[in-house]
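**Q** below are the sequence and a predicted model for it; my questions follow.
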Amino acid sequence: MDTLQNMRVFVRVVEAGSFTAAAQSLNSTTGAMSRAVSELEARLRTRLLNRSTRRLALTTAGERYLQRSQQILADVDIAEEEASCAHERPTGALRMHSFASIGQHYVLPAISRYRALYPGVTVELTLSQRMPDLFEGSADVAVIGASALPNSDLVSFPLGTSFSILCASPAYVRAHGVPQKPAELAHHECLILHTPAFPPHEWTLDGPNGSELMEVNGPVHVNIAETLIAAIREGMGIGMVPLYAAISGLRDGSLVRVLPEYTLQKSTVYALYPSRKFIDAKTRTWVEFLRSHLPEVIARDEALLAEVGQMGAVDVASESTFHRVMKAEQ
């Protein structure tokens, strides 16, 4: 028995004044209308209508139930309209999850531009270094970086490909020089970044000689790229930094690139969400915005790396020469 539907029939019967008129307005039969009201009365264990061959009359209980039913049905109609509009007009809270560095450098600036287009959407952004369980309902969309995605029922869209580079501070280079090939990293302090996507102690360097795997360890371990950059700036050692996190330091000179012909940890940035069915407008438009916006930003970062790489090559070379001269004088 569909109580809500029977409630609708009861209200319609009262408004129409008869079972026959109600049946005509609902494209049903008089018998179906009568059965619906009888089922409702049986469920409530009370009579709602006094019936005669000529007229219908509400009982006292029926009058109270009619008022409540009209209010409930109006609320249901509003709720259905709001839910339906959610698939057409982006409004309400959009809950996002992102890996910390990607969130700071890519997602947060994108949110600013997205909200300029859709000011009716508010954003709840959670940054962490763990893969979210989107089926728990804690987030609508996640933006992560990974070399590959595990098999799951999540819908995924690739947004672009990025990589990491090796960086040090000018002070570290002055004090210790720079490695000329990957094997020389064994003689340097290597700072370790823990991420969900890659083993922390394995650096796979892709360069002129293909892929070279280096086992590394060091005195400082962190789990956020920005913390790693702070340690690098303090002259603690050489660190593997995501490109999007390194660009600012390379441009202002607080970071210098080490082994510039090599890249590490190539990964794809993905947008993930739980289902293709009945996706609401704010989730759909956010993912569509990311798919059009983020590839351009990632390409811009690679172009900036090429620019600062050419400017920084002379600086690193001079720092290395300085170190060699100092060793010779000693």
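**A** Happy to help now that I have it. Bear in mind that the values here come from a model prediction, so they are computed numbers and not experimental data.
**Q** so residue 96 touches residue 139, yeah?
**A** Yes - with contact defined as C-beta atoms under 8 Å, residue 96 counts as touching residue 139 (6.1 Å). For the C-beta atoms, the positions are set from N, CA and C on the backbone; glycine is no exception.
**Q** give me the more crowded residue out of these two.
**A** residue 96 (23 against 20; other C-beta atoms under 10 Å).
**Q** how many neighbours does residue 287 have?
**A** Neighbourhood size, residue 287 [other C-beta under 10 Å]: 20.
**Q** try the one 10 residues further on
**A** Around residue 297 sit 18 other residues, with neighbours defined as other C-beta under 10 Å.
**Q** again with residue 117
**A** Neighbours of residue 117 under the rule other C-beta under 10 Å: 10.
**Q** how about the nearest residue to residue 197 once chain neighbours are set aside, what does it touch?
**A** Spatial nearest neighbour of residue 197, chain neighbours left out: residue 146 (4.9 Å); criterion: C-beta to C-beta, 6 or more residues apart in numbering. Applying C-beta atoms under 8 Å, 6 or more residues apart in numbering, one finds that residue 146 lies in contact with 196-197, 267-268, 270.
**Q** dump the residue contacts of residue 186.
**A** Contacts of residue 186 (C-beta under 8 Å, 6+ apart): residue 214.
**Q** can you tell me how far it sits from residue 208?
**A** Note on residue 186: its distance to residue 208, by C-beta to C-beta, to the nearest Å, is 19 Å.
**Q** on that earlier part again, got phi/psi on the residue nearest to residue 197?
**A** phi -160, psi 150 (degrees, to the nearest 10).
**Q** after the helix or strand harbouring residue 68 comes which helix or strand?
**A** In this assignment (DSSP states H and E), residue 68 forms part of helix 60-85. The helix or strand immediately downstream of helix 60-85 is strand 92-99, counting by DSSP H and E.
**Q** touching the following helix or strand past that following strand from outside, list them.
**A** Downstream of strand 92-99, the next assigned helix or strand under DSSP H and E is helix 100-102. Contacts to helix 100-102, defined as C-beta under 8 Å, 6+ apart, come from residues 127-129, 143-145, 224-226, 242, 244-245, 269.
**Q** equivalent analysis for stretch 148-163, please.
**A** So stretch 148-163 is contacted by 134-135, 143, 145, 242-244, 263-276, 287, 290-291, 294-295, 297-299, 301 (C-beta under 8 Å, 6+ apart).
**Q** how far does it stretch from start to finish?
**A** 13 Å (C-alpha to C-alpha, to the nearest Å).
**Q** and the average pLDDT for it is what?
**A** Mean per-residue pLDDT for stretch 148-163: 84.
**Q** how does this structure divide into domains?
**A** Following automatic domain parsing, one finds the domains of the chain at 3-85, 92-329.
**Q** state the mean pLDDT of the shortest one.
**A** Within the predicted structure, the mean pLDDT of domain 3-85 is 85.
**Q** strands along the stretch 201-330 of the chain, start to end?
**A** Assigned by DSSP state E, counting those that start in this stretch, the strands in the stretch 201-330 of the chain fall at 202-207, 210-215, 221-222, 238-242, 256-258, 263-273.
**Q** partners of the strand of greatest length in the chain in the sheet?
**A** Across the chain, the longest stretch assigned as strand under DSSP state E is strand 155-168. Strand 155-168 has its sheet partners listed here by DSSP bridges as strand 238-242 (antiparallel), strand 256-258 (antiparallel), strand 263-273 (antiparallel).
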